[in-house]
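A.B. asks: model this:
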Amino acid sequence: MGMKILRCKEVENKVGLRHTKLYMMMNEGTFPKPIRLGPRSVGWVESEIDEWLLEKIKERDQSTAAV
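C.D. replies: Reported below is the predicted structural model:
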């Protein structure tokens, strides 16, 4: 299937936000939730993070088109 799971530091580096902000956004429903990998570890599906980033780019482009 080729699915890649990202750990928290990888997600932080990819999106440029700290984990506290990511968890706040997850609680608000505005960022993808992680999957449980074990009793004390989670990871994010990379394709879901990529989709989130693409949506942010689309929002940017739509807002600049309206200016």
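
A.B. asks: Need the pLDDT of the residue positioned nearest the centre of the chain.
C.D. replies: Of all residues in the chain, the one closest to the mean position by CA atoms, centre = their mean is Ile49, 3.8 Å from it. We have a pLDDT of 98 for Ile49.

A.B. asks: now the one 3 residues further on
C.D. replies: The predicted local confidence for Trp52 comes out at a pLDDT of 98.

A.B. asks: can you confirm it is in a strand?
C.D. replies: No: using DSSP: H, G, I helix; E, B strand; the rest coil, the assignment for Trp52 is helix, not a strand.

A.B. asks: show me the contacts for the closest residue to it other than its chain neighbours.
C.D. replies: Using CB to CB, 6 or more residues apart in numbering and skipping the chain neighbours, the partner closest in space to Trp52 is Pro32 (5.7 Å). Where you see a C-beta, it was placed from the backbone N, CA and C, and this is true even at glycine. Contacts of Pro32 were listed using CB atoms under 8 Å, 6 or more residues apart in numbering, and they are Met26, Trp44, Val45, Glu48, Ile49, Glu51, Trp52.

A.B. asks: Roughly how far does Pro32 sit from Ile49?
C.D. replies: To Ile49, Pro32 is 6 Å away according to CB to CB, to the nearest Å.

A.B. asks: again with Glu12
C.D. replies: To Ile49, Glu12 is 11 Å away according to CB to CB.

A.B. asks: measure Gly38 to Ile5 for me?
C.D. replies: Note on Gly38: its distance to Ile5, by CB to CB, is 12 Å.

A.B. asks: Neighbour count: these two, which is higher?
C.D. replies: Ranked by neighbour count (other CB atoms under 10 Å), Gly38 and Ile5 place Ile5 first, with 13 against 7.

A.B. asks: Return the backbone torsion pair for that one.
C.D. replies: Here is the backbone geometry of Ile5 (degrees, to the nearest 10): phi -110, psi 130.

A.B. asks: swap in Ser41?
C.D. replies: Dihedral angles of Ser41 (phi, psi; degrees, to the nearest 10) stand at phi -140, psi 140.

A.B. asks: Tell me how many other residues crowd the residue found closest to it once you drop the neighbours it is linked to in the chain.
C.D. replies: Once flanking residues are discounted, Ser41 sits nearest to Arg7: 7.8 Å by CB to CB, 6+ apart. Arg7: 13 surrounding residues under other CB under 10 Å.
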